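Undergrad: Let me see the structure of the following:
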Amino acid sequence: MHVTRGFTGRPRVSDPGLPPGQYDAGDDWPVLSAEVTPDLAATDWSFRIDGRVAEPRTWTWAEAHALPTSAYDGDIHCVTGWSKFGVRFGGVSLDAFLDMVRPATTATHAVAYSHTGYTTSLPLADLTGGRAWIAFEYDGRPLPAEHGGPARLLVPHLYFWKSAKWIAGLRILDHDEPGFWEQNGYHARGNPWEEQRYSGD
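TA: Residues are numbered from 1 along each chain as shown. Purely as a prediction, here's the structure:
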């Protein structure tokens, strides 16, 4: 797949709250996906963590909702150039899930995978310490399917392709294993403040 460098579109606005090369999307929330939106009911959703962990585990919708709730209030940034300020997601901190499976001391990375088969890779350090969530709600309402509902991974300090929609699980690894966009030219980490859009940035 060819990756085109240098997205064009709306003019970039100088704002200290915007990462370089981004614009404020305002009330818009563009829908961008690498695949067709699935018809996935909450009752059919599950989430699993396995790999380099002491106790691999799968949670049903009800079991995930029984964990302590947590919210993210802040901003999100897409690699295509838009940023959205003042969003609110509700769900469960990923730390709550990881504490139950106990990653090995040798674990360094994770591959997040969706119920659609989409994958993305992340350093484990970007998923811990209150920096990532399994999100079920947006702005107090169930997360819409086109935005990853019934549940998506939320890693808001990285470009939004890392926040896998329709999240199905994490595979914990002792090495980096590139996911879909990483295999197709995108950056391994994707820090918007360092403008890590593409491999080599």
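Undergrad: Which secondary structure state is assigned to Glu182?
TA: Following DSSP: H, G, I helix; E, B strand; the rest coil, Glu182 is assigned to helix.
Undergrad: Just to check, Trp133 is in contact with Val92?
TA: Yes: contact between Trp133 and Val92 holds when scored by C-beta atoms under 8 Å: they sit 6.5 Å apart. (Glycine included, C-beta is placed from N, CA and C.)
Undergrad: Check which residues of the top strand by length along the chain are buried.
TA: Secondary structure of the chain per DSSP state E: the longest strand is strand 82-93. Neighbour-count burial for strand 82-93 flags 82-84, 89-93 (criterion: 16 or more other C-beta atoms under 10 Å).
Undergrad: cool, stretch 102-117 as well?
TA: By neighbour count on 16+ other C-beta under 10 Å, the buried set for stretch 102-117 is 103, 107-116.
Undergrad: Just send those residues back as a markdown table, with distance to Ala145 too.
TA: What follows is those, written out as a markdown table (distance: C-beta to C-beta, whole Å):
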| residue | distance to Ala145 |
| --- | --- |
| Pro103 | 30 |
| Ala107 | 31 |
| Thr108 | 33 |
| His109 | 28 |
| Ala110 | 24 |
| Val111 | 23 |
| Ala112 | 18 |
| Tyr113 | 18 |
| Ser114 | 12 |
| His115 | 11 |
| Thr116 | 11 |
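Undergrad: Mark which of the residues you listed are part of strands, please.
TA: Using DSSP E, the subset of the buried residues of stretch 102-117 located in strands is 109-114.
Undergrad: okay, those residues in a markdown table with pLDDT and distance to Gly179 next?
TA: Putting these into a markdown table (pLDDT from 0 to 100; distance: C-beta to C-beta, whole Å) gives the following:
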| residue | pLDDT | distance to Gly179 |
| --- | --- | --- |
| His109 | 98 | 10 |
| Ala110 | 98 | 10 |
| Val111 | 98 | 6 |
| Ala112 | 98 | 7 |
| Tyr113 | 98 | 8 |
| Ser114 | 97 | 10 |
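Undergrad: Identify, from these, the entry nearest to Arg141.
TA: Nearest to Arg141 among these is Ser114, at 21.3 Å by C-beta to C-beta.
Undergrad: Name all residues that make contact with that closest one.
TA: Going by C-beta atoms under 8 Å, 6 or more residues apart in numbering, Ser114 touches 164-168.
Undergrad: Leaving out chain neighbours, which residue sits closest to it?
TA: Spatially, and ignoring its direct neighbours in sequence, Ser114 is nearest to Trp166 (4.5 Å; C-beta to C-beta, 6 or more residues apart in numbering).
Undergrad: And Ser199, how far from Trp61?
TA: Distance, Ser199 to Trp61, using C-beta to C-beta, to the nearest Å: 36 Å.
Undergrad: Look up how far Thr106 lies from the spatially closest residue to Arg152 that is not a sequence neighbour.
TA: Distances taken as C-beta to C-beta, 6+ apart place Lys165 nearest to Arg152, at 4.8 Å, with adjacent residues excluded. Distance from Lys165 to Thr106, counting by C-beta to C-beta: 29 Å.
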